[in-house]
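*Asks:* Sequence and predicted structure below; questions after.
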Amino acid sequence: MIRSLSRMRFSKAALLCAMALPAAMTLTPVAAKTLVFCSEGSPENFYPGINTTGTSFDAGEQIYDNIVKFERGGTAVQPGLAEKWTISKDGLEYTFNLRKGVKWQSNKNFTPTRDFNADDILFMLERQWKENDPYFKVTSSNHSYFNDMGMPKLIKSVDKVDEYTVKITLNAPEAPFLANLAMSFAGVQSKEYAIAMLKAGTPEKIDQDPIGTGPFQLVQYQKDAIIRYKAFDKYWGGKAKIDDLIFSITPDASVRWAKLQKGECQVMPYPNPADLEAIRKDTNVKVLEQAGLNVGYLAYNTTKKPFDDVRVRKAINMAIDKKAIVSAVYLSTGVPATNPIPPTQWSYNKSIKDDAFNPEEAKKLLAAAGYPNGFTTDLWAMPVQRPYNPNAKRIAELMQADLAKVGVKAEIKSFEWGEYRKRMQAGEHQMGMLGWTGDNGDPDNFLHTLLGCDSAKAGGSNVAKFCYKPFDDIVVKAKTVSNVAERTKLYEKAQVIFKEQAPWFTIAHAVQLKPVRNEVIDFKLSPFGRHTFYGVDIK
């Protein structure tokens, strides 16, 4: 009796299990694919219109789309939220035909009631352009890229032709305009979300808890620790191949390498040059590399004494042993920089000779400028490792030692990275290190954005505060010319003037190196140093 009851109980249990099995099989998902990126720092926010660092752009780029985009791993402009466009013969009118059926992400604050449309493009541009826009000052009113590229003067009007057509009219032809719209600053946010948060009295939430039309949506952000994303299953381009994307925020390069070795992350940026030999020997890792579209430099604040005198700037250029710095700090990962644009950039002027390392000549120039015994200055060193500068503190120490030999006493200063950038853009420094990785493959992105008068204002990316009319006239004219050969001649002339005026000591162009674990499939290096994970798979 007991035995048969047990048997009955067993049979019933077995029957229930058998009935449950197909349901369980259909409910159990295939193991989720997770990729961990050992990011080097925390984003300042998720509003691309006010950011200038690759760290912040990388964080936002997963979430947002642009009206046009760069091909993966290249500089060619492709359709994005606009599936096609036309440009008028005079180069002044750009008409964009937008995609239909593009879905917005949602979050705990907001669920969209409509698809992406022309209103969102107008919101993205007007938020950065029109001071009476209710979002102009939310988070920050310093729209660095938009202003530095002269967009406020360039754009005449932005018109919504219909729900899915936008016409942008310019005041003058602008050769790099289409490529500029593919840059991170032009990531498109939801106007409907913006209106809802404004009504709720929390407009800043659109930049803190972002939603976009991009391939990944934000799940969690903890400053200095982690960013979690999940694939957006309604993405117009098709769901991403990886399900979960994690940015493990790891500022120390050696710690990033240790995590990569253990498989705690699969991709890492900016390896320490001293670790490269060991990284290359690891059979679980491949090192992707290509010539970098970047430059690291020491900017002289040309509005402050003694750096308002070109003789002083030239003297400092000759007092610093550039080759020794590149050899000691960059090792095999950099080449000494002569020009403000990298050799990989079209229009690079090969005929220009660098300032020779000549301390004796430097002393003579300082004496001629009224500083026979030298002077005292500050020397700002970045607190973070960047692709164009693997160790700013060490470079500053080498510069300090060289300058002491010509009587210049340099005090090394540094601040937290966001503060450092803000203070340099405000012009608080006398001498300061910074650098740039190109955003769009156009020389304008270096020569006008970093050295033109538009960006020399407080808050601009021209941290040398260099506004020199003969130079500015050339780089502004070059923007309006569509013929590449003609533009090349203008940019070559601009580089000659740059070298004569010496607003920077050009340090180096770094090779872009990316250690990636073997299980990562189809990660492509971006010429702009971005880290984009749509299209990437993992074994």
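*Replies:* Ah, there it is.
*Asks:* Pull out the buried residues from the lengthiest strand in the chain.
*Replies:* Scanning the chain for the longest strand, with DSSP state E as the assignment, gives strand 504-517. Neighbour counts over strand 504-517 (16 or more other Cβ atoms under 10 Å) mark 504-517 as buried. C-beta coordinates here come from the backbone N, C-alpha and C atoms, glycine included.
*Asks:* can you give me the helices in the stretch 101-250 of the chain?
*Replies:* All helices of the stretch 101-250 of the chain, identified by DSSP state H, counting those that start in this stretch, fall at 118-129, 144-148, 151-154, 177-181, 191-199, 205-208.
*Asks:* could you list every residue that touches V475?
*Replies:* By Cβ atoms under 8 Å, 6 or more residues apart in numbering, the residues touching V475 are 444, 447-448, 451-452, 490-491, 494.
*Asks:* tell me the SS of it?
*Replies:* At V475 the chain is in helix, as set by DSSP: H, G, I helix; E, B strand; the rest coil.
*Asks:* Read off the pLDDT value for it.
*Replies:* Looking at V475, its pLDDT reads 97.
*Asks:* Number the residues from 600 up from this point.
*Replies:* Yes, from this point I'll number from 600; that puts the last item at V1074.
*Asks:* could you point out which element follows whichever strand or helix holds G895?
*Replies:* Element membership of G895, judged by DSSP states H and E, is strand 893-899. Downstream of strand 893-899, the first helix or strand assigned by DSSP H and E is helix 909-918.
*Asks:* element containing D1071, please.
*Replies:* Counting by DSSP H and E, D1071 is found in helix 1068-1079.
*Asks:* quick one: that helix to chain centroid distance?
*Replies:* 25 Å (Cα atoms, centre = their mean, to the nearest Å).
*Asks:* Tell me the buried residues in it?
*Replies:* Neighbour counts over helix 1068-1079 (16+ other Cβ under 10 Å) mark 1070-1071, 1073-1075, 1077-1078 as buried.
*Asks:* for stretch 870-890, same thing?
*Replies:* Along stretch 870-890, these residues count as buried under the neighbour rule (16+ other Cβ under 10 Å): 870-872, 874-875, 878, 884-885.
*Asks:* got the end-to-end distance for that stretch?
*Replies:* The first and final residues of stretch 870-890 sit 15 Å from each other (Cα to Cα, to the nearest Å).
*Asks:* same thing with stretch 634-646?
*Replies:* Start-to-end, stretch 634-646 (Cα to Cα) is 24 Å.
*Asks:* If you average the pLDDT over the strand holding G895, what comes out?
*Replies:* In the prediction, strand 893-899 has an average pLDDT of 97.
*Asks:* Please identify the pairing partners of that strand and their relative orientation?
*Replies:* When pairs are called by DSSP bridges, strand 893-899 turns out to pair with strand 1030-1036 (antiparallel), strand 1103-1116 (antiparallel).
*Asks:* Format the ones you listed as a markdown table; extra columns: distance to F906 and mean pLDDT.
*Replies:* Below are the strands paired with strand 893-899 laid out as a markdown table (distance: least, Cβ to Cβ, whole Å; pLDDT from 0 to 100):
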| stretch | distance to F906 | mean pLDDT |
| --- | --- | --- |
| strand 1030-1036 | 7 | 96 |
| strand 1103-1116 | 11 | 96 |
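*Asks:* In TSV, list those strands along with distance to A630.
*Replies:* Formatted as TSV, these follow (distance: least, Cβ to Cβ, whole Å):
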stretch	distance to A630
strand 1030-1036	36
strand 1103-1116	18
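*Asks:* mind checking which of the ones you listed is nearest P982?
*Replies:* Nearest to P982, of all the strands paired with strand 893-899, is strand 1030-1036, at 10.5 Å by Cβ to Cβ.
*Asks:* Return the distance of the closest one from the chain's centre.
*Replies:* Taking the mean of its C-alpha atoms, strand 1030-1036 sits 14 Å from the chain's own mean (Cα atoms, centre = their mean).
*Asks:* wait, isn't A967 in contact with D908?
*Replies:* No: taking contacts as Cβ atoms under 8 Å, A967 lies outside contact range of D908: 9.6 Å.
*Asks:* So these two - more neighbours on which side?
*Replies:* D908 (18 against 13; other Cβ atoms under 10 Å).
*Asks:* what number of residues lie near the closest residue to the more buried one other than its chain neighbours?
*Replies:* Excluding its sequence neighbours, the residue lying closest to D908 (Cβ to Cβ, 6 or more residues apart in numbering) is A968, at 5.0 Å. Other residues lying near A968 total 17 when counted by other Cβ under 10 Å.
*Asks:* swap in the one 3 residues further on?
*Replies:* For P971, the number of neighbouring residues by other Cβ under 10 Å comes to 11.
*Asks:* Could you report the neighbour count for the residue lying closest to it once chain neighbours are set aside?
*Replies:* Leaving out its chain neighbours, the residue that sits closest to P971 by Cβ to Cβ, 6+ apart is L965, at 6.9 Å. Applying other Cβ under 10 Å, we find 26 residues neighbouring L965.
*Asks:* what's the answer for R1129, then?
*Replies:* If we define neighbours as other Cβ under 10 Å, then R1129 has 15 of them.
*Asks:* That one against G653, yeah?
*Replies:* Yes: counting by Cβ under 8 Å, R1129 touches G653, with 6.7 Å between them.
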